[in-house]
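Visitor: Just to be clear, the model below is a prediction. Sequence and coordinates:
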Amino acid sequence: ANNALAIVNLLTSNGVSQDRITLMLADEYPANPRNKYKNGMYAHGVHPAGPTLYNETTRIDYRGADVTVQYFLDVLLGIEGSSLSSSHDDGSMTVRQGAIDDDTVNDDDLNTISATTRPPSVLRSNAESNVLVYITGHGGDQFFKFQDEEEITSLDLSRVFDQLYARGKFKQLLFMADTCQAFTLADEIETPNVISIGSSLREENAYAHHSDSDLGLSVMERYTYGFTEYYKNKGTAQSTIYDILLQPFGWSADPSKQDRRKLGAHVGLKQEHSTRKVHEILFSEFFGSPPSGKLVKGQQERGGYSTSSSRFGDDLPDVTWTSASDQEDVVIAVK
């Protein structure tokens, strides 16, 4: 969950409204009975904790069993269905956001839902929108797993991106995958103006950056931790996608010339179907930018990281041979 939460924190810290972000978390770590640090998720681990990535302002749109391939596709295609709700002892209702294939919410349904309930969070974009789709979890050769029960394939992603393009739902789409064999998810994607970035190539794994000995768990993937830390320390309003998502990892179009020491894998880039390239697209076009136009330490800390002891750089620890993601997490944002 930390991977997706770090992306959401980065977006919101840079002024992207929560209403333009859809967060899907398959795990429930903040409320898990085995988590003795309730309602907290930390990028660096519990000790020292630093600011939490998960707090009272965190909005999870789809969680647990609602994180499925169908709901993911429905969100992208803007299909709004009935909300999944559960009642409490006091008669109030908590709505678990989800898209239902056949039925839509009618007036009677809406009257039974609390006034504070939001409609299902789906992609609401147009031909001038920049859309970010970020996924992290368990992946393989051209597939990404949901709940260890179903998969979405590279071909599925290609088809849904084609539909979005045909409907005029984006100007530019950035697809990011931080999983094992992540870049294979881009194999079938040939949609115009879609750029794909994966944290590992075929037959490569995605590794955790560090573990927390107190929790006994890996905390965050190397790639996501790396580029978010790099941005918070060295990013500017003029930084491009290449500057933040590729250059820090020694990316090269020729994998044999790419330095894989920082990740234990090679970062993959596919941009041949995009008229604009990573060197000319600003990072802020997808991730927003601080109101001041430059990064300041106070904002870095609010984003959930302490910059005084950054652990990303040439001094990366030895590869941790575990995955940081036990479940599937998705962030979809439109700017």
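Guide: Yep, it's here.
Visitor: how close does Arg124 get to Asp61?
Guide: Using CB to CB, to the nearest Å, one obtains 13 Å as the distance from Arg124 to Asp61. Every residue, glycine included, has its C-beta placed from N, CA and C.
Visitor: out of those two, which sits in the more crowded spot?
Guide: Neighbours per residue, other CB atoms under 10 Å: of Arg124 and Asp61, the larger number sits with Asp61, 24 against 13.
Visitor: Provide a list of residues in contact with the nearest residue to Thr184 once chain neighbours are set aside.
Guide: In space, and not counting its chain neighbours, Thr184 is closest to Gln142: 4.7 Å by CB to CB, 6 or more residues apart in numbering. Going by CB atoms under 8 Å, 6 or more residues apart in numbering, Gln142 touches Thr153, Ser154, Leu155, Gln181, Thr184, Leu185, Asp187, Glu188.
Visitor: ok, now which ones touch the last one?
Guide: With contacts defined as CB under 8 Å, 6+ apart, the neighbours of Glu188 are Gln142, Thr153, Ser154, Leu155, Leu157, Ser158.
Visitor: Considering those residues, which possesses the most neighbours?
Guide: Most surrounded of the contacts of Glu188: other CB under 10 Å gives Leu157, at 27 neighbours.
Visitor: Quick check: that one vs Ser239, distance?
Guide: 27 Å.
Visitor: again, but for Ser129
Guide: Separation of Ser129 from Ser239 (CB to CB) stands at 21 Å.
Visitor: Is it correct that Glu150 is in contact with Tyr71?
Guide: No. Counting by CB atoms under 8 Å, Glu150 stays clear of Tyr71, with 11.2 Å between them.
Visitor: where does the stretch 151-300 of the chain have low pLDDT?
Guide: 206-220, 291-300 (pLDDT under 70).
Visitor: again, 80 this time
Guide: 205-221, 259-262, 264, 290-300 (pLDDT under 80).
Visitor: Could you pull out the strands in it for me?
Guide: Assigned by DSSP state E, counting those that start in this stretch, the strands in the stretch 151-300 of the chain fall at 172-178, 194-198, 208-212, 217-221, 268-270.
Visitor: same check, this time on the stretch 1-150 of the chain
Guide: Listed in chain order, the strands of the stretch 1-150 of the chain (DSSP E, counting those that start in this stretch) span 21-25, 62-63, 84-87, 93-96, 130-136, 139-140, 143-146, 150-153.
Visitor: Let me have the ones you listed in a markdown table, extended by distance to Tyr230.
Guide: Supplementary listing: the strands of the stretch 1-150 of the chain in a markdown table, determined by distance: least, CB to CB, whole Å:
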| stretch | distance to Tyr230 |
| --- | --- |
| strand 21-25 | 22 |
| strand 62-63 | 29 |
| strand 84-87 | 38 |
| strand 93-96 | 35 |
| strand 130-136 | 16 |
| strand 139-140 | 23 |
| strand 143-146 | 25 |
| strand 150-153 | 29 |
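Visitor: Tell me which of the ones you listed sits nearest to Pro255.
Guide: In terms of CB to CB, the element of the strands of the stretch 1-150 of the chain nearest to Pro255 is strand 139-140, at 18.0 Å.
Visitor: Starting from the closest one, tell me which strands it pairs with and how they run.
Guide: Strand pairing for strand 139-140, using DSSP bridges, gives strand 143-146 (antiparallel).
Visitor: what does the strand it pairs with rub up against?
Guide: 26, 67-69, 72, 135, 137-139, 151-154, 177, 179, 185, 328.
Visitor: let's go with 7 Å and repeat that
Guide: Contact with strand 143-146 is made by 67-69, 135, 137-139, 151-153, 179, 185, 328, as judged by CB atoms under 7 Å, 6 or more residues apart in numbering.
Visitor: Can you point out the buried residues in that strand?
Guide: Within strand 143-146, the residues that count as buried by 16 or more other CB atoms under 10 Å are Phe143, Phe144, Lys145, Phe146.
Visitor: Okay then, goodbye and thanks.
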